[in-house]
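K.L.:
What follows is a predicted structure for the sequence shown.
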Amino acid sequence: MTKNFRLGSMMFLQYALWGAWLPLTARYLSASVSEGGLGFTGSQIGMTLGLAGSIGAVAAPFIAGQIADRYFSTERVLAFLVISGGLVKWYTALQTDYSSWLWLSILYSVLYMPTLALSNSVAFSHIDDKENTFPKIRVWGTIGWIAASWAFPMIWLQQELSFQLMPPFLSGPEVPNVTARLADALKFSGIISITYGIFCFMLPHTPPKADAVEKLAFKKAFSLFKNKSFLVLVLASLGVSIIHQIYFLQTSPFLSSIGIKDSAIGPAMTIGQFAEILTMAYLGFFLKRLGFKKVITIGIMAYFARYAIFGTSFLPAWVMVVSQAFHGFCFAFFFAAGFIYVDKLADDDVRHSAQTVFGIIIFGGGPVVGGWLSGYLQNMYTVAGSFNYSNFWYTLAGLGLVTAILFFLFFNVQLKTSEDT
């Protein structure tokens, strides 16, 4: 196998195991017990999917980043983390009470969240033309997310599959008690995760830096905050990651509320991933033509556009579903471009830790605030038991617009090389 093929396969599995469970879990947790769900409140869902993930992200630089930069090869660290995480995810699927879900979700986040940055740094360690090559490798993560989101309903939620013209092309009547079967998405993720862990031993060898001067890699990585452009990017990432997290907390219940079947929610949300494939393919082109500042600003504005459409309640349901195509710009132009920028700033001996420090905000600070804000806004906009989604989404659109304006006003590229993209 070629090196790029192995790196692409790594990304496929990295995001397939996430896409298998994340889009559907909020629907399962929020559905009433009579429907087959767990009946969690908005605040409980925010804690389970928000705070839990944040703890893992905050711990990442001090655990996985430090270990991979200083002690063990990154592919072995990845293998241990994803195999352990797969076992935890399977066990979580068997639980029905809030306390168990919360603590197991925290444990899982400590194991999984560091792997997001570590998989990026493995790829960066073995490619030269990062702006052009990394998006082509990373796009396989998007394909993995789509594959898992399509495969799960076909295997677990539907029966008597037949061909149809619309994605995911194979569909059928829902199985009895379909909402309860959503819990199996976690088991599916666990299977993918363990498979990924075994595959990690086939990845290119990525040893720690033996000649590093600073023993504490994360300490040196935190010095990036002295760079103004990094600081502005991190602050913008906080605003973006808040509204990004809420997308996964509220979109599946929202789509259910406008008439999308439970078995169709996952495939419907993959429209965003299809758009992501296209934007990732041309990310290098746009970075060279427009530069980091304009590309990242466009990525933030895509959040504003998507939530503004979600909030316009008189639009038909198909428009709401199709508008998820903005996710392609949200992810590729903001997150992928941001990771590339951080890699260009960081020294080689703290590459893993720099990615995880950036990940603290994206997967740590943002989700914990997002989880709280989602529950707070849901309570605020619920009157007589009816949740006003329109006001909810408009509020998030406003947050996205303000973040985009502030980022564009204060961000200026400050790379350590003479290149100014």
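P.N.:
Sure thing, it's come through. Treat the numbers as computed from the prediction; the structure is a model and nothing was measured. Numbering: from 1, shown residues only.

K.L.:
what residue ranges in the stretch 1-150 of the chain are flagged as low confidence?
P.N.:
Scanning the stretch 1-150 of the chain for pLDDT under 70 picks out 1, 60-71.

K.L.:
Would you enumerate the residues in contact with Phe134?
P.N.:
Ala123, Phe124, Ile127, Ala336, Phe339, Ile340 (Cβ atoms under 8 Å, 6 or more residues apart in numbering). No exception for glycine: its C-beta is placed from N, CA and C like everyone else's.

K.L.:
now do Phe331
P.N.:
Phe331 is in contact with Thr142, Gly272, Glu276, Thr279, Met280, Gly299, counting by Cβ under 8 Å, 6+ apart.

K.L.:
how about a cut-off of 6 Å?
P.N.:
Residues counted as contacts of Phe331 (Cβ atoms under 6 Å, 6 or more residues apart in numbering) are Glu276.

K.L.:
Do you know the pLDDT at it?
P.N.:
Model confidence at Phe331, expressed as pLDDT, equals 83.

K.L.:
That one and Leu287, how far apart?
P.N.:
15 Å (Cβ to Cβ, to the nearest Å).

K.L.:
How about Ile298?
P.N.:
11 Å.

K.L.:
quick one, which of the two is more surrounded?
P.N.:
For the pair Ile298 and Leu287, the greater number of neighbours falls to Leu287 (23 against 20), based on other Cβ atoms under 10 Å.

K.L.:
hang on, that one packs against Glu131?
P.N.:
Yes: counting by Cβ atoms under 6 Å, Leu287 touches Glu131, with 5.0 Å between them.

K.L.:
Can you tell me the closest non-neighbouring residue to Gly37?
P.N.:
Leaving aside its sequence neighbours, Gly37 sits nearest to Ala31 (Cβ to Cβ, 6 or more residues apart in numbering; 2.5 Å).

K.L.:
farthest pair in the contacts of Phe134?
P.N.:
Greatest spatial distance in those: Ile127 and Ala336, 13.6 Å, computed using Cβ to Cβ.

K.L.:
of the two, who's got more company?
P.N.:
Applying other Cβ under 10 Å to Ile127 and Ala336 shows that Ala336 carries more neighbours, namely 24 against 16.

K.L.:
ok, the more buried one - contacts?
P.N.:
Taking Cβ under 6 Å, 6+ apart as the test, what Ala336 contacts is Arg138, Leu283.

K.L.:
SS state for it?
P.N.:
Three-state assignment for Ala336 (DSSP: H, G, I helix; E, B strand; the rest coil): helix.

K.L.:
Could you tell me the per-residue confidence at it?
P.N.:
Ala336 is assigned a pLDDT of 86 by the prediction.

K.L.:
Right, I'll leave it there.
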